[in-house]
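Trainee: predicted model and sequence below, questions to follow.
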Amino acid sequence: MLNIGKEKNGNELKLALEGRLDTTTAPQLEAEVKEGLDGIESLVFDFENLEYISSAGLRVLLFAQKTMNKQGSMVVKNCSEEIREIFEVTGFSDILTIE
Amino acid sequence: MKKNYELELDALVENLTQVTAFVNNHLEAIDCPMKAQMQIELAVEEIFVNIANYAYAPEKGRATVRVEVMDDPVTVTITFIDRGVPYDPLAKEDPDVTLSAQERKIGGLGIFMTKKAMDDVSYEYKDGQNILTLIKNL
């Protein structure tokens, strides 16, 4: 189960994720990211209510980061300790900007 | 003492939630720490999704998930069994996790994360079955 809260303000987009980002829910976020980043220069992910992320979720984050590298910036905020550790192990902590 | 639980179901991605719930129920029963539970969930997801996507494609088949809990010291062993094409997911080379976003390939991370999250991961092909075993010491 994944809920995606969207807040768009000009060329800024904030996506607040709630629940689980896994194989079954990652396509939801992928669709959002594929359709929603046109003209966006600042993308913020709020992970305060994200409980779980698997490699399927990481794939979508990597896609978003690659897209934003070309057109602006991307920040991931409020990760739990468990999710931070997954970013560490996979080297994503060097790729993503985590606040 | 050893406890043993088994679930047999269609190897379909849609059944991931059922597999996760089955494993989590047994982890919660032994008050598994949250961090370890998430690590086990990660590994279970990667392995089951792999089986669902590749073991029988384009046909369909069954998978068995077995959870064994040992106490003293507390160890959880999760075994996945399928009768699909022989495939050793551990044979794949680990991805380079030092590459930049641009250089990174999408994929290959799941098995790597599984190896990191578990204390032991092993594979064997026996009697027409792929048998993948995950061990986590709690």
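Mentor: Alright, I've got the coordinates.

Trainee: and the residue of chain B found nearest chain A, what element?
Mentor: Chain A sits closest to residue B:97 of chain B, with a gap of 3.2 Å, by Cβ to the nearest Cβ. (C-beta placed from N, C-alpha, C; glycine too.) Assigned by DSSP states H and E, residue B:97 belongs to no helix or strand.

Trainee: can you check residue B:77 too?
Mentor: Assigned by DSSP H and E, residue B:77 falls within strand B:75-82.

Trainee: might you report the residue contacts of the residue lying closest to residue B:108 once chain neighbours are set aside?
Mentor: Leaving aside its chain neighbours, residue B:108 sits nearest to residue B:95 (4.2 Å; criterion: Cβ to Cβ, 6 or more residues apart in numbering or on different chains). Counting by Cβ atoms under 8 Å, 6 or more residues apart in numbering or on different chains, residue B:95 makes contact with B:104, B:105, B:108, B:109, B:112.

Trainee: what of residue A:97?
Mentor: Listed by Cβ under 8 Å, 6+ apart, the contact partners of residue A:97 are A:73, A:74, A:75, A:76.

Trainee: pop out the phi and psi values for it.
Mentor: phi -100, psi 110 (degrees, to the nearest 10).

Trainee: cool, and residue B:23?
Mentor: The phi/psi pair for residue B:23 (degrees, to the nearest 10) is phi -70, psi -50.

Trainee: for chain B, give me its nearest residue in chain A.
Mentor: The minimum distance from chain A to chain B, using Cβ to the nearest Cβ, falls at residue A:91 (3.2 Å).

Trainee: fine, thanks again, bye for now.
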